[in-house]
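Colleague: next input, structure requested:
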Amino acid sequence: MPSVEQWKFAQGMEEITGEKWDVISYTSNDRSSKVMEMLRYCKYFYYAFKIFINRNKYENIVTWQQFYGLLFAFYCRLFNVKKHFSLIVMTFIYKRKQGWIGAVYYSFMQFVLNSKYIDKIIVFSQNEVSYYAGLFPRATEKFICILLGIDEITNVGPDQMLEQQKYILSVGRSNRDYPFLCEALKDAGFPVKILSGTANLPPTDNIEVYSSVFGQEMFRYLNNCFCVIIPLADAKISSGQLVALQAMQLGKPIIVTESEGITDYIINGYTGIIIKKEKGALIAALQELYSNDELYRTISQNARREFEKKYSLKQFGNHIGAIIKNEYGK
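Modeller: Numbers count the residues shown, from 1 in each chain. You can find the predicted model right below:
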C-alpha cells in the first residue's frame, strides 16, 4: 500500500520498542486486468529481492504483506545467506490449492516456513494457530495470534441518496461465498450491493455487483449502507476481519456466516450476528434488523465501543512491538 506519514502502526511499535522504524512502501495491488494481475505477482518477487539485496541494513524486519516476507525468506534460503536479522511475517493466509499448482505452492510454503529465516508468523485468530500448525508442523512455534487493528476511516460523510436505499453491503475478495449470498437473497426483496472483483455474478433486480470500487469510494458505500453481510466460503480459513472492523468502526451491524476465527472479533447478538450458512438463517437475521430498531441501535453502539476499545491501528502496532521487544530486546 502507499506509505502514510505519521503511520499509527509504526508509532505503536516505536512506543513499545523505543526504536525508530523505517517504513518502506511498495504498491503492488493492481488487479484491473489479467496483465496487471501478472505484473502484481512479478512485483512481489522484485520487491522482495530488492530488500534481500539490502538486507544488511536491517536488524528487524516486519512485512505487512505476507508475500514480501515469504519471498524474502525464500531468497535467503535459496542463497543460504547468514541470518543476522529477525523477520516477522504478518497477514498470513494460506489455502490449499488442487493439482500440481497446489503441490508446488505447498512445497514453496514448506520451504520458506520451515527455514530459520522466519521468526514469527502473525495470524488474526486463535483458531488459525492450531490450524496452520497442523498444516506446517515443523513451523508450529512460529505462529502467533494478534488481533487485527485498523486505521481510522476519515473523510466520509452521509450521502442522502445512498442512505435512503437502506441497502445491504457485502465487500471483499478473500474466502467469500457470493454465490450463496445471491442465491439466498435474489428473491427476498432486500436491496444488495456487492463490491468485489471476484464475484463474477450477473446482477438481479435487487442485487448490484460492482467490480472496481476501492478506497474512499468503498468507504462511501460502507458508511451509507444499512448493514453488512460477510458470507464466508470456508469456515476453517480466517478472513473477513478487516471488513468487520471497518463496519464496526462506522457502527454498521454485521451478519457473518459461521467461521472458526470470527468469534475472536464479533460477539453474537452484541456486536454483530453470527449465523449458519443457510438461506433461512440469513433472511431471519435481516428481517430482525430491519424490523427491530432497538436491536439495530444496540448492536451499532456496541460495535463502535468495542472497536474503540480494542482495534485501533496504534494498539495493533503496540502488540507487534511487544513481540519484538520480548523476543529480541528491541
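
Colleague: wait, F111 touches C76, no?
Modeller: No - with contact defined as Cβ atoms under 8 Å, F111 does not reach C76; the gap is 11.0 Å. Every residue, glycine included, has its C-beta placed from N, CA and C.

Colleague: those two: which is more packed in?
Modeller: C76 (22 against 14; other Cβ atoms under 10 Å).

Colleague: what residues sit buried inside stretch 150-164?
Modeller: Residues 150, 156, 162 are the ones in stretch 150-164 that count as buried (16 or more other Cβ atoms under 10 Å).

Colleague: which strand or helix spans the last one?
Modeller: The reference is to L162. helix 160-163 (DSSP states H and E).

Colleague: just the C-alpha atoms of that helix, please, in PDB.
Modeller: Extracted as PDB, the C-alpha positions of helix 160-163 are listed here (Å, rounded to 0.1, in the frame of the first residue of the first chain):
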ATOM      1  CA  GLN A 160     -28.600  11.000   1.300                       C
ATOM      2  CA  MET A 161     -29.300   9.300  -2.000                       C
ATOM      3  CA  LEU A 162     -27.400   6.200  -0.900                       C
ATOM      4  CA  GLU A 163     -28.600   6.200   2.700                       C
END
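
Colleague: export the buried residues of stretch 150-164 as JSON lines, with columns for distance to S212 and pLDDT.
Modeller: As requested, those are exported to JSON lines (distance: Cβ to Cβ, whole Å; pLDDT from 0 to 100):
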{"residue": "I150", "distance to S212": "22", "pLDDT": "93"}
{"residue": "V156", "distance to S212": "19", "pLDDT": "87"}
{"residue": "L162", "distance to S212": "18", "pLDDT": "94"}
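
Colleague: could you export those residues as TSV, including distance to V228?
Modeller: Below are these laid out as TSV (distance: Cβ to Cβ, whole Å):
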residue	distance to V228
I150	14
V156	15
L162	14
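
Colleague: okay, now K236: neighbour count?
Modeller: 13.

Colleague: need phi/psi at it.
Modeller: Note on K236: backbone dihedrals following degrees, to the nearest 10 are phi -90, psi -20.

Colleague: A281 reaches I274, doesn't it?
Modeller: No - A281 is not in contact with I274 according to Cβ under 8 Å; the separation is 9.7 Å.

Colleague: what distance separates the helix holding L162 from the middle of the whole chain?
Modeller: Centroid separation between helix 160-163 and its chain, computed with Cα atoms, centre = their mean, to the nearest Å, is 27 Å.

Colleague: kindly report the same for stretch 133-150.
Modeller: 15 Å.

Colleague: no more questions from me, cheers.
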